[in-house]
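[1] Please work out how this folds:
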Amino acid sequence: MKTLFRILPLAVLATALAPNAQAQTRKPVAKPVAKPAAKPATKPAAKPAAKPAPAPTTPARAAAPAPAPAPVAPAASSTASTPEAIGPFQVGTNMVNVGIGLGNRYNYGTGYFGGSSSVTPALSVSYERGILALGPGVVGVGGFVGYQGATYDFGGSDRWKFTDIIVTLRGTFHYPVAEQFDAYGGVNLGLRHASASFEGSSIYGSLGSASANEVAAGLFVGGRYFFTPSIGAFAELGYDQTYLKVGVAAKF
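    Got it, this is the predicted structure:
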C-alpha cells in the first residue's frame, strides 16, 4: 500500500508534467513572412529641357551668294562666218556638168581646097569632187570627156569627115559667191585623139584616112547656178576643145 501511495503521486506528477514537456519539445510553427508591398515604379527623372542657344552677341553675316556663272558665248561657227558654208560646192560634194560646146578651137581644113566646112557642137561631160578646203574656197578634182565632129565638103559627094575626142584630168578651185551660185576656175590636162576619113570618088580618095594623138591642155573659168538643191545650169569660158560651154549641172 505504501508503495501504491508512492507511485500514485508520481504518476499524477508525471501526467501533469507531460503536456509541458510536449510543449517544450514541440517546435513553434514559423509565422509566414509578410511580403513587402510592391513599391511603385519609380518615374524616370524628367530631363531638363534643352536651353536655347544664347543669341549671338553680333548678328551673323549672311553668306554671300555664289556669283552666277558667266554665260558661255556660243562658239563661232566657221560655216556661218566663211563663204564656204554658203557655197554649193564643199568638201565631199560631187558635181557633174553635161554641156554643149560652141566655137571650135581646131582648124578642120577650111580654105585648103576651096570647099566649106561645118563643125557640130561639141558634147561634153565633166565630173568633179571636192577634196580640200583652201582658204574661203574648195579644191576639186575630176575628169572631162568631150566629142566634136566636123565635115569639110569639096562639093558633090566628096568630103572629109573629122572626129575629135578629148579626155583630160580636171583640177578646179571653187569660190562660193552665194548659197546657190558656185564660181570656179581650173585647168585641163590630158590627151586629144583626132581622126580624118575621106568619102567620095575623086582623086582625094587615094589619101584614105588618118589619125593622130597629141597632148591636150587648157584653162577655163565658169559658174553654176542651182535652181534646186541638186539641179542647176552652168556656163564655162575656156581654151580647151571649145571656147564656150553651156548646159545642165547636177549635184549629189
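[2] quick one: buried residues of whichever helix or strand residue 170 is part of?
    Residue 170 is located in strand 158-176, with elements delineated by DSSP states H and E. Within strand 158-176, the residues scored as buried using 16 or more other CB atoms under 10 Å are 158-162, 164-166, 168, 170-176. For every residue, glycine as well, the C-beta is placed using N, CA and C.
[3] Alpha carbons of that strand, in CSV - could you do that?
    Taking C-alpha atoms only, strand 158-176 is exported to CSV below (Å, rounded to 0.1, in the frame of the first residue of the first chain):
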residue,chain,number,x,y,z
ASP,A,158,33.5,64.3,-201.9
ARG,A,159,34.1,65.3,-198.3
TRP,A,160,36.4,64.8,-195.3
LYS,A,161,35.0,63.8,-192.0
PHE,A,162,36.8,64.6,-188.8
THR,A,163,36.4,63.2,-185.3
ASP,A,164,37.8,64.9,-182.3
ILE,A,165,37.8,63.3,-178.9
ILE,A,166,39.4,64.8,-175.8
VAL,A,167,39.9,63.0,-172.4
THR,A,168,41.6,65.1,-169.7
LEU,A,169,42.0,65.3,-165.9
ARG,A,170,40.5,68.4,-164.4
GLY,A,171,41.6,70.5,-161.4
THR,A,172,39.4,73.3,-160.1
PHE,A,173,39.2,75.9,-157.4
HIS,A,174,35.7,76.8,-156.3
TYR,A,175,34.9,80.2,-154.7
PRO,A,176,31.4,80.5,-153.0
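[4] That strand: what's the following helix or strand?
    That would be, after strand 158-176 and using DSSP H and E, strand 181-199.
[5] What is that next one packed up against?
    strand 137-155, strand 158-176, strand 209-226 (3 or more CB pairs under 8 Å, 6 or more residues apart in numbering; DSSP states H and E).
[6] Can you lay out the ones you listed as CSV showing distance to residue 95 and mean pLDDT?
    Shown next, in CSV, are the helices and strands packed on strand 181-199 (distance: least, CB to CB, whole Å; pLDDT from 0 to 100):
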stretch, distance to residue 95, mean pLDDT
strand 137-155, 8, 90
strand 158-176, 9, 91
strand 209-226, 7, 92
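[7] tell me what the strand holding residue 170 is packed against?
    Checked by 3+ CB pairs under 8 Å, 6+ apart, strand 158-176 has strand 122-134, strand 137-155, strand 181-199, strand 209-226 packed alongside it.
[8] give me that answer again for 10 Å
    strand 94-104, strand 116-119, strand 122-134, strand 137-155, strand 181-199, strand 209-226 (3 or more CB pairs under 10 Å, 6 or more residues apart in numbering; DSSP states H and E).
[9] Ok, which of these comes nearest residue 243?
    strand 94-104 (3.8 Å; CB to CB).
[10] Direction included, what does that closest one pair against?
    Neighbouring strands of strand 94-104 in its sheet, by DSSP bridges, are strand 122-134 (antiparallel), strand 242-251 (antiparallel).
[11] partner residues bridging residue 100?
    residue 123, residue 246.
[12] pretty sure it is in contact with residue 121, am I right?
    Yes. Between residue 100 and residue 121 there is a contact at 4.6 Å, judged by CB atoms under 10 Å.
[13] Could you name every residue contacting both of the two?
    242, 245-246 (CB atoms under 10 Å, 6 or more residues apart in numbering).
[14] Would you write a PyMOL line that selects the buried entries of those?
    Selection of buried members from these for PyMOL, criterion 16+ other CB under 10 Å:
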select buried, resi 242+245
